[in-house]
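Asks: When you get a sec, could you give me coordinates for this:
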Amino acid sequence: MGSAAHRPVVKRTARAILLDLDPADPGGPAEIVLIKRTRPGCTPYWVTPGGGVEPGDRSVVDALHREVDEEVGGKVSDVVPAFVDTVPHGVPPGGADCGCDPVRAAAADGAPAGDGGEAGDGVKVQHFFVCRLESMDPARRHGPEVERPAGAYEVVRLPFTREGVTSVNVVPPSLRAYLAANIEGVRALLAPDLG
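Replies: From the prediction side, this is the model:
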């Protein structure tokens with residue numbers, strides 16, 4: 001029996017499936033907070049708040065809190081692992097099918113193609129966590145996306161329904177498919193009786 005080649009993890013990210021739920025009506029309407037990303041050379045796409053785990057982060061969850069604060073000026077609670085996506089390192093930020101020219105987009109960001117590394121044997125592991133939005137003030141946004149923008153980062157809210165998450169180009173496509181198939185299950189990850 002042959003063994004598959006080991007692909008080293010060269011980058012890890014922490015991303016928030018950020019839900020705004022009414023605590024008084026946990027089964028009621030919910031919204032998901034996303035970032036509409038418009039980069040030079042790309043068709044607009046929508047991403048969850050988050051980004052790379054940095055050396056100063058004590059954990060992936062600490063990176064998540066830092067990124068949510070930087071990107072949307074937000075605080076979260078009830079952080080629950082939900083989904084992991086593994087992609088070749090160096091895939092364009094919006095994914096291979098986002099309508100993005102990775103060379104032009106990277107040049108606009110002042111970085112190599114993709115997200116800072118060349119495609120090769122390594123992979124990027126994206127950790128997605130379901131989180132409850134506690135507070136958000138976009139005026140508090142800070143960090144590289146705000147200080148050195150490459151295109152537009154617009155904080156948007158969509159209904160957390162199948163129709164809502166499929167009405168825009170949520171990337172990566174694997175997350176979009178996961179959310180569309182699991183609206184009720186994702187909400188259940190924030191149920192008070194989960195443990």
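Asks: Could you find the closest non-adjacent residue to the residue most central in space within the chain?
Replies: Most central in the chain under C-alpha atoms, centre = their mean is residue 48, positioned 3.1 Å from the mean C-alpha point. In space, residue 48 comes closest to residue 15 once its chain neighbours are excluded; the distance is 4.4 Å by C-beta to C-beta, 6 or more residues apart in numbering. Every residue, glycine included, has its C-beta placed from N, CA and C.
Asks: isn't there a helix covering that neighbour?
Replies: No: assessed with DSSP: H, G, I helix; E, B strand; the rest coil, residue 15 is strand; it does not lie in a helix.
Asks: was I right about it contacting residue 131?
Replies: No: here residue 15 does not reach residue 131: they are 9.8 Å apart, not a contact under C-beta atoms under 8 Å.
Asks: more neighbours, these two?
Replies: Neighbours per residue (other C-beta atoms under 10 Å) separate residue 15 from residue 131, with residue 131 holding more: 28 against 24.
Asks: list the residues that contact both of residue 15 and residue 131?
Replies: residue 64 (C-beta atoms under 8 Å, 6 or more residues apart in numbering).
Asks: which ones are touching the residue nearest to the centre of the chain?
Replies: Contacts of residue 48 were listed using C-beta under 8 Å, 6+ apart, and they are 15, 16, 17, 18, 34, 35, 128, 170, 175.
Asks: okay, the residue nearest to residue 48: pLDDT?
Replies: What the model reports as pLDDT for residue 15 is 98.
Asks: On the strand side of things, show who it bridges to.
Replies: Beta-bridge partners for residue 15, by DSSP bridges, are residue 50, residue 128.
Asks: Distance-wise, check it relative to residue 27.
Replies: Relative to residue 27, residue 15 is positioned 25 Å away (C-beta to C-beta, to the nearest Å).
Asks: so where's this structure uncertain?
Replies: 1-4, 91-120, 195 (pLDDT under 70).
Asks: which residues in it form helices?
Replies: Ranges of helices in the chain, per DSSP state H, are 60-72, 102-109, 144-147, 162-166, 173-181, 183-188.
Asks: can you redo the ones you listed as JSON lines with distance to residue 85 and mean neighbour count?
Replies: Putting the helices of the chain into JSON lines (distance: least, C-beta to C-beta, whole Å; neighbours: other C-beta atoms under 10 Å) gives the following:
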{"stretch": "helix 60-72", "distance to residue 85": "14", "mean neighbour count": "21"}
{"stretch": "helix 102-109", "distance to residue 85": "18", "mean neighbour count": "18"}
{"stretch": "helix 144-147", "distance to residue 85": "20", "mean neighbour count": "14"}
{"stretch": "helix 162-166", "distance to residue 85": "15", "mean neighbour count": "16"}
{"stretch": "helix 173-181", "distance to residue 85": "5", "mean neighbour count": "17"}
{"stretch": "helix 183-188", "distance to residue 85": "15", "mean neighbour count": "15"}
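Asks: thinking residue 69 is in contact with residue 140, fair?
Replies: Yes: contact status for residue 69 versus residue 140: in contact at 7.5 Å, counting by C-beta under 8 Å.
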